[in-house]
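Enquirer: have a look at this prediction, sequence included:
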Amino acid sequence: MSTATTHDEHHHGAPSGIMRWITTTNHKDIGTLYLWFAFIMFLVGGAMAMVIRAELFQPGLQIVDPNFFNTMTTMHGLLMVFGAIMPAMVGLANWQVPLMIGAPDMALPRMNNWSFWILPFAGIMLVSTLFMEGGGPNFGWTFYAPLSTTFAPKSTDFFIFAVHMLGFSSIMGAINIIATVLNMRAPGMTLMKMPLFVWTWFITAFLLIAVMPVLAGVVTMMLTDRNFGTSFFSAAGGGDPVLFQHVFWFFGHPEVYIMILPAFGVISQIIPTFARKKLFGYSSMVYATASIAFLSFIVWAHHMFTTGMPVAGELYFMYATMMIAVPTAVKVFNWTATMWRGSMTFETPMLWAVSFVFLFTIGGFTGLMMGVAPVDMQYHDTYFIVAHFHYVLVTGALFAIFGAVYYWIPKWTGHMYDEKLGKIHFWWSAISVNVLFFPQHFIGLAGMPRRIPDYSLQFADWNMISSLGGFAFGLAQLFFLYIIIKTIKGGEKATTQVWEDAEGLEWTVPSPAPYHTFATAPEVR
């Protein structure tokens with residue numbers, strides 16, 4: 001089928017209404033579906049976080065019973081990682097990658113539709129475990145054995161199936177991105193001319209293909225341990241519960257980078273636009289991204305310093321972890337150098353990007369602290385860890401997603417968002433998120449364990465402050481929903497330039513000719 005017919009169908013014989021969204025193979029529609037799904041999951045996962053923070057508002061058990069509290073922490077983590085951050089990043093990729101490389105669509109449009117529509121069913125299955133006998137999964141988002149095998153509720157088998165489906169979706173999305181980037185770039189666009197966002201997603205796609213089968217393996221071993229008499233993780237049958245952690249983190253550590261690398265790409269698009277300079281050190285950014293991706297595979301056991309590994313193992317994982325800091329620091333340096341002496345203006349996307357550079361770096365430094373094996377004995381399983389990874393995934397990945405939405409929504413909708421409201425959302429979020437997570441460093445260093453519904457009295461003050469920050473941050477995201485709907489319904493018309501530089505000259509969000517011109521483009525792909 002030529003691109004011409006697909007375009008004409010889009011305007012004449014194409015289904016309308018709900019069927020348009022169910023059957024669509026258009027990368028823009030599918031990107032939109034991903035982003036809305038991610039936002040819904042973000043609000044559901046956020047509601048669960050509100051339950052957690054309400055329970056921890058003061059010492060003592062007041063709102064939920066401990067088992068349900070553990071279910072909330074588990075489901076919050078799973079929905080935010082697999083339901084919010086990852087699908088949002090895939091949504092951005094669907095929208096922007098074809099536009100940025102001059103392709104008419106993704107390489108495999110039908111598979112694109114399928115990889116999205118698996119998600120709502122997986123998400124519903126995951127959430128439905130809450131209503132099953134014995135309750136939802138209550139063993140933490142890392143679902144360590146034997147908590148998830150021997151002692152887990154019956155609903156765990158549905159959780160395993162949902163994880164398998166989420167993995168299918170990710171692998172198909174990754175194959176699609178690799179096929180698109182390798183085969184559908186416009187003539188003249190070499191790999192080293194691609195926008196950085198495309199590069200980060202290209203590398204992320206390889207990570208997904210490498211580690212999703214590992215996740216599938218570990219949940220399959222869980223399934224057979226639970227139902228078919230194997231004992232991969234049971235010492236009684238000759239297995240080893242620590243094996244679970246090795247297999248899980250061999251997936252889990254690269255997974256963290258799957259969530260943050262596309263964020264790096266977004267920031268590398270936004271900062272040059274509002275600094276009105278080319279990105280400093282383009283090729284070093286590409287090599288740094290690839291280095292981070294490679295190193296992410298060889299550091300997994302830094303999550304396991306307290307499991308009793310040999311000192312030689314601790315040393316290796318400590319040094320390997322330190323090495324990841326180098327390419328990450330290269331990126332932070334390059335973003336800073338891009339802003340240095342630039343003609344900067346601070347529209348909403350730039351505010352998110354600059355705060356990303358500051359706050360993600362805090363997350364990076366606390367990560368370095370935990371990479372030091374001897375002192376990690378003190379940090380491990382305390383709220384210090386919770387603070388660390390929320391600085392990476394909230395003020396990192398999530399802030400980049402917010403920045404991306406404000407940056408590209410004029411392209412997506414044809415309308416400008418309300419700049420004043422955007423800035424209110426930014427400051428409201430940026431202040432409350434620090435009130436929420438910064439105190440958790442203190443209570444963690446003071447020894448408060450994570451995943452507990454009750455705590456001793458000395459942690460009360462900081463927990464109350466943290467919870468207040470959490471409620472404020474949650475409220476800010478409902479305000480964000482209002483801004484998005486307001487923008488979609490109409491607003492100031494976006495120009496073809498969208499973002500202009502200081503002299504009013506064109507400085508566009510990179511995008512090719514309008515969709516319909518590809519109907520007549522020569523088939524050079």
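Expert: Thanks, I have the structure now. Residues are numbered from 1 along each chain as shown.
Enquirer: what sits against residue 59?
Expert: Counting by C-beta atoms under 8 Å, 6 or more residues apart in numbering, residue 59 touches 454, 455, 456, 457, 459, 460, 463. Heads up, the C-betas are built off the backbone N, CA and C, glycines and all.
Enquirer: repeat the analysis, applying 6 Å as the threshold.
Expert: By C-beta atoms under 6 Å, 6 or more residues apart in numbering, the residues touching residue 59 are 455, 457, 460.
Enquirer: what do you get for residue 14?
Expert: Applying C-beta under 6 Å, 6+ apart, no residues qualify as near residue 14.
Enquirer: look up how far residue 147 lies from it.
Expert: 49 Å (C-beta to C-beta, to the nearest Å).
Enquirer: centre of the chain to stretch 449-466, how far?
Expert: Averaging C-alpha positions (C-alpha atoms, centre = their mean, to the nearest Å) puts stretch 449-466 27 Å from its chain's average.
Enquirer: for stretch 441-456, same thing?
Expert: Worked out by C-alpha atoms, centre = their mean, stretch 441-456 lies 25 Å from the chain centre.
Enquirer: how about that stretch as PDB, C-alpha atoms only?
Expert: C-alpha atoms of stretch 441-456 as PDB (Å, rounded to 0.1, in the frame of the first residue of the first chain):
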ATOM      1  CA  HIS A 441      16.600  11.900  52.700                       C
ATOM      2  CA  PHE A 442      16.700  13.000  56.300                       C
ATOM      3  CA  ILE A 443      14.400  10.400  57.700                       C
ATOM      4  CA  GLY A 444      16.200   7.700  55.600                       C
ATOM      5  CA  LEU A 445      19.600   8.700  57.000                       C
ATOM      6  CA  ALA A 446      18.000   8.700  60.500                       C
ATOM      7  CA  GLY A 447      17.000   5.100  59.900                       C
ATOM      8  CA  MET A 448      13.400   5.000  58.800                       C
ATOM      9  CA  PRO A 449      12.800   1.800  56.800                       C
ATOM     10  CA  ARG A 450      10.700   1.900  53.600                       C
ATOM     11  CA  ARG A 451       7.500  -0.100  53.000                       C
ATOM     12  CA  ILE A 452       6.200   0.300  56.500                       C
ATOM     13  CA  PRO A 453       2.700   1.600  57.400                       C
ATOM     14  CA  ASP A 454       3.800   2.800  60.900                       C
ATOM     15  CA  TYR A 455       6.900   4.300  62.200                       C
ATOM     16  CA  SER A 456       8.600   5.400  65.400                       C
END
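Enquirer: name the residues of it that are buried.
Expert: Residues of stretch 441-456 classed as buried: 441, 442, 443, 444, 448, 450, 451, 452, 453, 455 (neighbour count, 16 or more other C-beta atoms under 10 Å).
Enquirer: in strands only, show me those.
Expert: Secondary structure from DSSP state E places none of the buried residues of stretch 441-456 in strands.
Enquirer: now render the residues you listed as a markdown table, adding distance to residue 280.
Expert: Output for the buried residues of stretch 441-456, formatted as a markdown table (distance: C-beta to C-beta, whole Å):
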| residue | distance to residue 280 |
| --- | --- |
| 441 | 31 |
| 442 | 36 |
| 443 | 38 |
| 444 | 35 |
| 448 | 41 |
| 450 | 38 |
| 451 | 42 |
| 452 | 45 |
| 453 | 47 |
| 455 | 45 |
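Enquirer: quickly check those residues for the two that are furthest apart.
Expert: Within the buried residues of stretch 441-456, 441 and 453 form the most distant pair, 20.9 Å apart (C-beta to C-beta).
Enquirer: chain center to stretch 192-210, what's the gap?
Expert: On the basis of C-alpha atoms, centre = their mean, stretch 192-210 sits 15 Å off its chain's mean C-alpha point.
Enquirer: in the stretch 351-500 of the chain, where is pLDDT below threshold?
Expert: For the stretch 351-500 of the chain, the stretches with pLDDT under 70 are 500.
Enquirer: that one: helices as residue ranges?
Expert: 373-379, 383-392, 399-413, 419-445, 460-489 (DSSP state H, counting those that start in this stretch).
Enquirer: wait, which of those is closest to residue 347?
Expert: Across the helices of the stretch 351-500 of the chain, closest to residue 347 is helix 419-445 (C-beta to C-beta), at 6.7 Å.
Enquirer: for the closest one, which helices and strands make contact with it?
Expert: Packing partners of helix 419-445 (3 or more C-beta pairs under 6 Å, 6 or more residues apart in numbering; DSSP states H and E): helix 348-371, helix 383-392, helix 460-489.
Enquirer: pick the most deeply packed of these.
Expert: helix 383-392 (a mean of 23; mean count of other C-beta atoms under 10 Å).
Enquirer: okay, angle between that helix and helix 419-445 too, please.
Expert: Angle between the axes of helix 383-392 and helix 419-445 is 160 degrees (criterion: axes from the mean of the first three to the mean of the last three C-alpha atoms, to 10 degrees).
Enquirer: check the offset of helix 383-392 from the chain's centre.
Expert: The chain centroid and the centroid of helix 383-392 are separated by 15 Å, computed with C-alpha atoms, centre = their mean.
Enquirer: restricting to C-alpha, output that helix in CSV.
Expert: Extracted in CSV, the C-alpha atoms of helix 383-392 (Å, rounded to 0.1, in the frame of the first residue of the first chain):
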residue,chain,number,x,y,z
TYR,A,383,13.6,6.2,52.9
PHE,A,384,16.9,7.5,51.6
ILE,A,385,16.5,5.0,48.7
VAL,A,386,12.9,6.2,48.2
ALA,A,387,14.1,9.8,48.0
HIS,A,388,16.9,8.9,45.5
PHE,A,389,14.8,7.1,43.0
HIS,A,390,12.0,9.6,43.1
TYR,A,391,14.5,12.4,42.3
VAL,A,392,15.5,10.3,39.3
